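Colleague: Here is a sequence with its predicted model. Questions after.
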There are 2 protein chains.
Amino acid sequence: MTTTTGTAKTAELAEALVRLTHLVQQVFNEVARQHDLTPQQVQLLCLVADGPVGMGELTRSLHLEKSSLTGLVDRVERRGLVARARDSHDRRACQIQLTGEGKRLAIESHHDVTGRLEALASELPPAERTRLTSAIARMVAADAAG
Amino acid sequence: MTTTTGTAKTAELAEALVRLTHLVQQVFNEVARQHDLTPQQVQLLCLVADGPVGMGELTRSLHLEKSSLTGLVDRVERRGLVARARDSHDRRACQIQLTGEGKRLAIESHHDVTGRLEALASELPPAERTRLTSAIARMVAADAAG
DNA sequence: CTACGTTGGTTGGTAATACGAACAGTACGT
DNA sequence: ACGTACTGTTCGTATTACCAACCAACGTAG
């Protein structure tokens, strides 16, 4: 019990990260429900919002097995929110793109999620927010590197 | 690049939060897999690690419907990691407690998760980590209040 | 140019997750 | 004692996710 100095603090940080993660997940849950979607579907829509994306890219972004992604895209396609477009240079591949309705939902959902997350941070003074953002960015970068 | 100051930054923050959430989730995924568990099961074990907890408390902590929790506890109990103990004061209620094996896995998993999260933050100087922790704590508190 | 290994995606089977509605049993106030 | 509220389970359904096996198209070695 003597050397609990540093350890206590890092445990605090880990604990904080876990709770923050819960918050963010809950934001996704609520927003998704508001639009009659699942959190995963919202995520997919957000990723495709910036233009057509290939399945390979998506599996990497979502950390999903390809078969899992196939199912996810299937369900979202069945709801008429995205469409599979054949890749012009590779007849095996396909690009996922939003339909009109999908675009609407993607934009709305993304807006809602961003708004709610922003609201969560609204208690922090701007300087603190900037620091928070860069601190997180560094952690993300560190992970990408390691 | 001139006057988009505020909005761009908050979007950055939201984006950062989402990515951070992905990181934390992946940590749980990997740790869970290492111990032949699911992320949800790891979460459950961690929550019960500090002593017996009632189902009601768990549904609140995990933001789950009671029927979902019943299933989760069922599966973890079937693996012999927890046991349902009758509440002495209320014959409807039950307290979830760890078995020996469960305790072992809970401690190991919690240790691994904490360790990995700590490692993620190891790039940050101590002062920055402290600030990060308190900033997150404030967001969590703000959410709990609102 | 053909044969072969690789890659992109789907299929099929299984387990876990999560919800809602309906239910049983207990607690408790009136 | 009765009715209401609460605790947890059961049942049915949809989604998520994995793995192994597979098909089709690509690309290259020979």
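Modeller: Structure's in. What do you need?

Colleague: phi, psi of A:Gln97?
Modeller: phi -130, psi 160 (degrees, to the nearest 10).

Colleague: Please identify the helix or strand for the closest residue in space to A:Val24 that isn't next to it in sequence.
Modeller: Nearest non-adjacent residue to A:Val24, counting by Cβ to Cβ, 6 or more residues apart in numbering or on different chains: B:Thr21, 4.2 Å away. Placement of C-beta: from N, CA and C, glycine included. Using DSSP states H and E, B:Thr21 sits in helix B:5-34.

Colleague: now do A:Ile136
Modeller: helix A:126-145.

Colleague: Could you check the pLDDT of the residue nearest to the spatial centre of chain A?
Modeller: In chain A, the residue lying closest to the centroid (Cα atoms, centre = their mean) is A:Gln43, at 5.0 Å. For A:Gln43, the pLDDT comes out at 97.

Colleague: give me the number of residues near the closest residue in space to it that isn't next to it in sequence?
Modeller: Of all residues beyond its chain neighbours, the one nearest A:Gln43 is A:Leu62 (6.7 Å), with distances taken as Cβ to Cβ, 6+ apart. When counting by other Cβ atoms under 10 Å in any protein chain shown, one arrives at 16 neighbours for A:Leu62.

Colleague: repeat for the one 10 residues further on
Modeller: Counted with other Cβ under 10 Å, the neighbours of A:Leu72 add up to 19.

Colleague: The helix or strand containing it vs DNA strand C: in contact?
Modeller: Taking DSSP H and E as the criterion, A:Leu72 maps to helix A:66-78. Yes - using Cβ under 7 Å from any atom of the strand, helix A:66-78 reaches DNA strand C at A:Lys66, A:Ser67, A:Leu69, A:Thr70, A:Gly71, A:Val73, A:Asp74.

Colleague: what pLDDT does the closest residue in space to A:Leu13 that isn't next to it in sequence get?
Modeller: Once flanking residues are discounted, A:Leu13 sits nearest to B:Thr133: 4.7 Å by Cβ to Cβ, 6+ apart. B:Thr133 carries a pLDDT score of 96 in this model.

Colleague: B:Thr133 is in contact with A:Ala14, isn't it?
Modeller: No - between B:Thr133 and A:Ala14 there is no contact under Cβ atoms under 8 Å: 9.4 Å.
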